[in-house]
Structure formats: C-alpha cells, structure tokens
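[1] A predicted structure for the sequence below; I have some questions about it.
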Amino acid sequence: MSTDTSTATGSTGASGSASSSINPESVRAVAKKDFQDAVRSWLFWGLSVFFFTILVVVTGALSYFGEDIAAQGATTDMLVVFVSQITKVIVPLIALVLGWKSIAGERESGSIKVLLSLPHSRKDVLLGKLLGRSAVLSLSLTVGFVLAAVVVAALLGAFDIVDYAGLLVMSIIYGVAYMSIAVALSSLTRSTTIAGAAMGGVFLMFYGVWNGLEGVFRLLGERDILFFDTVTYTVESGGRTFELTRPEDWAYFVLNLDPGQAYSNGLTLLTDVEALEQQSAVSAEMFGGELPIFLQDWFSFLILLFWVVVPLAIALYRFDRVDI
Amino acid sequence: MPAITVDELTKRYGQTLALEDLSFEVEEGEVFGFLGPNGAGKSTTINVILDFARPTAGEVSVLGMDAQHNSREIRRRTGVLPEGVELYDRLTARQHLEFAIESKNAADDPEALLERVGLVDAIDRKAGGYSKGMAQRLMLAMALVGEPDLLILDEPSTGLDPNGAREMREIVREERDRGATVFFSSHIMEQVEAVCDRVGILRDGRMVAEDSVEGLRDSVEGGTTLRVSVDRIDDDALQAVRSLPDVSDAAVDGHEPPTVVVTVDGSKTAVLSALEDRGIEITDFETTEASLEDVFQSYTTDAETGVRAR
C-alpha cells in the first residue's frame, strides 16, 4: 500500500460541509450511461414512432383537406401551427414521464449506489441525468421529425426547411425545460409514487391552473378585489376607437411564465409562420404601441432558460444535503 | 495509518437511533470482517463511510481523508460492492464495466475482470436477465476496477452458491495480497471467519466485540472441551486433573463407561498423561471447540451460551 496517501488529505478542494464539486468528465460519463440505458427502452422507440405519427397524420390531413392552403404555398406554416399545438401538450407529458424516475427510481431500487460508489459527485449525477434524458428526448424528437420530413415533403410538395427546423429546435428547448423540472422533482424524493404525483401536479399546474389564470386576473381586476386592477386601452378599427380593459402588466408577466406560453412565443421568432402571430392573445396596441420586454418574443427564451436553471439549482443544492 | 477510522459515530434517522457512538479502526492491508445481524447498522455505517448518509455526530476518515469532504477522492481509490441494489437491466456486463472503468479513469480490460469473477461467458448479455449470483459477480468485478486501495464489500456472498462464495473469498485473499484493505460485511460468521484477519461484531448500532478470529474463539468460556472415556475414575485422579494449570473445570459425566469432561485452555496431552499416570486406561477421547457461530450468537442475541465478553 502506498504511504503517500496522507498528502492527498489537503489536496482535494473541500468547500462546504455538504457541497460537492462538479466534474465535467463525470457528468459526461453519467450522461452517456443514462443515455445508453434509456435509449434501449421501449419508451424511447415508442416516442420516436409517436412523433413521427403525429407529423404524418397532420401532414396527411393537410394534404387531403388543405388544397386551398397548398395553393397559397403555406402548407409548412399550417403544419407548424397544427403540430405545435399538439407538441405543446405532448412534449411536457413526455419529458415528465421520461424524467419521472430518473433519480427517485434509482434511489428506490438502490442502483444509485452503483453510480455514487464510483467517483461521481451528486451534482455530477444530477447534471448527467438531465443531459442524458434530454438527449433521449431530443433524439426521439429528431428521429420522428426527420423521418416525417420525407413524408411531409412528398405529400405537401412545398417544404420550408427553416420553419420545420425551427419547430424542432423550439420543441427541444421546451423539452429540456420540462426535463429539468422533472429531474429536479425526481431528486427530491426517494419514492417514485411521490415523484409521479409531483409530475402530475406540474402538468396540472401549467395546463389547468395557468390556463385559467387569465380569466381569474380579469375577473378579480374588474371587481377591484384585493390588489387586482385593470388597465384601460384604446383600439382603433375602421376609423372608430374602442375603449377596452385588460389586466395589469404584472398579470401578463405571470401568465407568460408558463413554459407552454414561452414555447408558442418562441416559435414565432424561430419560424416565420404568420398564423402563429395572429394567434397571439396580446398585441402592441394593448400596451400603448410597444410590448413590455417580458412579452416580446425573445424574452420567451429567457423564460425557458429560467425553467431549466431554477429547478436544477434547487435540486443541486438540496440533493447534496440528503441521505441517499 | 488506518484505512478506515470511525470515531464516536452516531446516526439518527428521525426517532430511530441507527448507530450510537460507534468507534473502530480498520488497519491498512487487513481483511476486516464487519459482522452483525440484519438491522444492526452495518449498511448505515457503510453509507456514512461512502458519504451516502451524513453522520448525526462523530467523524469518519477513510484512507486518511475526511469521509464527507473528500468523498470523491476516497471513492476514486475505493471499490464498492453495494448490498441489495439493482443493476441497469438494459446494459450488458461489458457496458457496466466500461462505465466503471471510464468513471475511474482506469485501464482495465472488461474481459479480464469478468474472467476473474467467472462471468466472462455472459459479457454481452443484458444484466436484466442475470440471476442474483451473476449480478453479484458483476458487481464484484465493478468493485475491482482500477486496483482500489480499499474494497468495501457489503454482504458479498448474497445470492452466491457455496462454490461462488469460495471463489469470492479467493478474490478477497488475492486483493489483500496485492496490498488492498478489505472491509467485508456479513451477517454470517462462517463467511467471515474463513477470510478475515480481524472481526468486529455490531449489535444495535454498537460494536460489541472487536478482535482477531482466534481472539474471539478464545473468548468462549473455557476454550476447548475434552471428553475422555476411561475404564474407571476416582477422586484422586480427578483432583490431579483439576490441579493442572490449563484446566478450569473437570467433572465426571456418565458411568458406563465413565467419561471425564474437562474444560481446558492449553495442553490436552497433559490431561491424558495425568490420568494415565494414575493407572487409568483411556479408551477414547474427543475434543470440541466452541464454534465462532456460538460466539456470534452470544454477542448478538440475549441467549446465554456461556460466553463472556472480553
């Protein structure tokens, strides 16, 4: 046995009592293993087929019913509009399902001890898991999209690669945001049951609660309940001026924190699909000519970044301090 | 420098006290048997050593480093066979080993490692189809990656048949001879006694005995029992036997033929000579040594088995 071991005592950087370091090589090794493992699961192949099917079905429907649209050369636009409405709901569901057991499952089965017996820190494991699972989701999206591209191009004739790629890239970013939420929640508990309930809770929050928020803000604002208030603005249409009311700016900020909303807004930036902009619930007129920063399209990337970073940061802090 | 130093370690889970003021040392280069019934706190101790769990009080240092602050460096030089964990069902043995090799920056050959643990035939099979024993062999191979200075084996014989358990002990000896320290937990004395230099017995979160295998055996009251069948016996001869320095007790048990039961710590021939010197003919004799299992039982259950703590 070596006798030089005592010199190692002070050499490794021990910062806080329970804080671990991050080693990029460890993160990569964990991510690679997690990817290898997950990519062999039926879930991955199921997802790819699923995305492929969505695209092909929407394309088929478009080419069958949409002769007028095709005549206008706006078929990829319509494809993006329809598909994005489906992926807006589906991508979160899939990210939550893929990320659900990422840490809680390994803690429940004990296999996390295999990971942590090797020289990986807990932070390495969290980051590696997020990267690995995000890679699986991204790859399944990409496989589905690329395979479908062939069908789309054949059926629709015209095919706008920029819009199509924009949809794919935005969907991936959106998926990573939800994956961060999923992995973070999964790291907070040892029980996959609790983790599963948390996943359900997140989905309900953004697709139940958040969708109802605008109505609630408007209602409370009109009745001046609590601190809620409304703002009056004017719209000119056909030479006439209308006076309308809307909730206050901060209410729109809260509404826009929904990753799904950010996904839709981001899409208008990454693609040049006009139909998407027409769908938007807000317009510059409501804010006296110019949208506040947080309603501008580029801001939606910050919101998605927020949803990647904040859950992860909480998980990194907390996971370092629990007993496995 | 000891390979592992556990100092006044206390670990509490809510209301449950898992470990209480536990202190012991594992010397560099020895095979240390960490023995105790299920639930005694063995896994908790290992969890703290590997920083899976944080101590409520006390300190643990491994390879001269603080178990919490330098956990990554410790685990770089430690091979671990964790207890009761699942492998990654969809990955093969080769992939498992490649992951461990990559994680440790080692240069091992997966095939050679699996050859050592007798699993090379299943190298490209997915671990999901492995038996418990095969999984255990694979985990042992993963623990051996990178020639670790310290091996922590938590119940390594789980799921192994007697032959597999023997091979596992053989590997433990090879690793010790290479210079590694081996920390070997088990709830079965028999597995520990065959391979360990020293044994610590844990009960209800406390170390109740810590000694060499011989030392533990000697702690059995009276050591060896000698039963001598004789043609006749008299008080004079019995007194002569009792007065021998190594004999702590002698009594007559049975009359047809008479049998002298002697509890002796040292020379058994002195007992036989003492009898023969008085013209007593010995027809038969047998000795029974207290088994370590008896020792273990006495330390870990409340039953009285005639063992005194040292």
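    Okay, I see it.

[2] would you point out which residue is most central in chain A?
    Central residue of chain A (CA atoms, centre = their mean): residue A:174, 2.8 Å from the mean position.

[3] what's the distance between residue B:211 and residue B:148?
    Separation of residue B:211 from residue B:148 (CB to CB, to the nearest Å): 26 Å. The way it works is simple: take the backbone N, C-alpha and C, and place the C-beta from them, glycine included.

[4] and residue B:246, by the same measure?
    In terms of CB to CB, residue B:246 sits 44 Å off from residue B:148.

[5] who's more crowded, these two?
    Neighbour count, other CB atoms under 10 Å in any protein chain shown: between residue B:246 and residue B:148, residue B:148 has more, with 23 against 15.

[6] that one reaches residue B:77, doesn't it?
    Yes: under the criterion of CB atoms under 8 Å, residue B:148 makes contact with residue B:77 at 5.7 Å.

[7] circling back: which residues touch the residue found closest to the residue nearest to the centre of chain A once you drop the neighbours it is linked to in the chain?
    Ranked by CB to CB, 6 or more residues apart in numbering or on different chains and with sequence neighbours excluded, the top spatial neighbour of residue A:174 is residue A:263, at 4.3 Å. Shown in contact with residue A:263 (CB atoms under 8 Å, 6 or more residues apart in numbering or on different chains): A:84, A:88, A:91, A:170-171, A:173-174, A:300, A:304.

[8] now check the helix or strand where residue A:59 lies, is it near chain B?
    Assigned by DSSP states H and E, residue A:59 falls within helix A:42-65. No: Helix A:42-65 is not in contact with chain B by CB under 8 Å from any CB of the partner chain; minimum separation 9.9 Å.

[9] could you give me the buried positions within that helix?
    A:43-44, A:47-48, A:51-52, A:54-56, A:58-59, A:62-63 (16 or more other CB atoms under 10 Å in any protein chain shown).

[10] so which of these is the closest to residue A:208?
    Closest to residue A:208 out of the buried residues of helix A:42-65 is residue A:54 (22.8 Å), distances taken as CB to CB.

[11] end-to-end on stretch B:119-139?
    End-to-end distance for stretch B:119-139: 11 Å, by CA to CA, to the nearest Å.

[12] over to stretch A:104-122?
    13 Å.

[13] for it, give the mean pLDDT please.
    Averaging pLDDT along stretch A:104-122 gives 94.

[14] centre of the chain to that stretch, how far?
    Stretch A:104-122 has its C-alpha centroid displaced from the chain centroid by 26 Å (CA atoms, centre = their mean, to the nearest Å).

[15] distance of the residue nearest to the centre of chain A from chain B?
    Noted for residue A:174: a distance of 27 Å to chain B, by CB to the nearest CB, to the nearest Å.

[16] repeat for residue A:45
    12 Å.

[17] can you check the pLDDT for that residue?
    80.

[18] low-confidence bits of the stretch 151-300 of chain B, can you list those?
    For the stretch 151-300 of chain B, the stretches with pLDDT under 70 are B:220-223, B:289-292.

[19] repeat the analysis, applying 80 as the threshold.
    B:216-225, B:246, B:248-249, B:253-257, B:263-268, B:287-300 (pLDDT under 80).

[20] okay, now the residue in it positioned nearest to chain A: neighbour count?
    Relative to chain A, the nearest point of the stretch 151-300 of chain B is residue B:179 (4.7 Å; CB to the nearest CB). Other residues near residue B:179 come to 12 when the count uses other CB under 10 Å.
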